[in-house]
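J.: 3D, please:
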Amino acid sequence: MSTTSPRLLWALAFLGTATAATATPDLDALIATTHSKCGYEVSAIRQHIQNGRSESVGTAGLKIDYAVGWQQGGKRIEGALTFNCGGASALPPDPTAPVASPKELIAEEDAGGRYSRHVAWQKPVKAAHWSPQVAYVDYSFGDGQRTRSNDFLICDGQVAIPCISLSITKPEKLSADEMASVLSKIASIDALR
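T.: Have a look, this model is predicted:
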């Protein structure tokens with residue numbers, strides 16, 4: 001019997017199996033889909049979502065990408081917030097499924113590959129109705145090169161629901177205040193249980 005986590009299986013199932021992407025002119029409908037199919041509520045950060053799109057993945061999966069941006073201390077923060085979901089509904093989650101931390105998932109995904117990600121830290125974030133664990137990846141290494149990144153993997157610390165990824169593209173390096181701002185946006189996302 002395999003001990004591979006359900007979240008990792010979801011991530012692996014989505015790699016390279018995407019079908020046609022569709023731009024979503026109705027952002028409110030996409031936010032409702034994130035709620036009904038992925039089990040996450042993002043209306044609290046609606047004012048920071050610039051646009052979004054969804055694409056079918058495999059036979060029953062769905063990937064939802066949002067472009068996000070906001071001002072913090074006179075600087076613009078921009079990034080991509082991604083939800084990978086599956087089936088007709090993400091709800092209810094299986095409370096008996098094993099729960100792996102974001103750092104463990106990253107290590108499992110990177111094992112044996114040409115590239116690896118460096119997890120600078122992992123910590124819990126206080127949120128209203130769930131227990132998110134956040135891993136921060138500050139660079140990746142592969143083919144003899146180190147590439148800076150500002151990537152966050154957010155997973156529920158108690159229930160095996162699909163993880164969220166947030167990749168900050170601007171600024172290139174986050175200050176302490178900008179990092180706190182990113183974490184506050186993550187804490188504003190709610191998971192349905």
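J.: and the helix or strand hosting residue 177, average pLDDT?
T.: Remark: residue 177 resides in helix 176-188, with elements defined by DSSP states H and E. Looking at helix 176-188 alone, the average pLDDT works out to 96.
J.: What is the subsequent helix or strand relative to that helix?
T.: The helix or strand immediately downstream of helix 176-188 is strand 190-191, counting by DSSP H and E.
J.: what does that next one contact?
T.: Around strand 190-191, the neighbours that count as contacts under C-beta atoms under 8 Å, 6 or more residues apart in numbering are 39-41, 44, 127-130, 132, 156, 159, 161. For glycine as for every other residue, the C-beta is placed from the backbone atoms N, C-alpha and C.
J.: quick one: low-confidence parts of this structure?
T.: 1-25, 87-93, 193 (pLDDT under 70).
J.: And the helices in it?
T.: Using DSSP state H, the helices of the chain run over residues 6-14, 27-33, 102-110, 176-188.
J.: if we compare those helices, which one ends up closest to residue 59?
T.: Proximity of those to residue 59 was assessed by C-beta to C-beta; the nearest stretch is helix 6-14, lying at 9.5 Å.
J.: what's the neighbour count on residue 76?
T.: By other C-beta atoms under 10 Å, the residues close to residue 76 number 10.
J.: That one and residue 187, how far apart?
T.: Look at residue 76 and residue 187: by C-beta to C-beta, to the nearest Å, they are 21 Å apart.
J.: Determine the set of other helices and strands touching the helix holding residue 177.
T.: strand 61-72, strand 75-86, strand 132-142, strand 145-156, strand 164-170 (3 or more C-beta pairs under 8 Å, 6 or more residues apart in numbering; DSSP states H and E).
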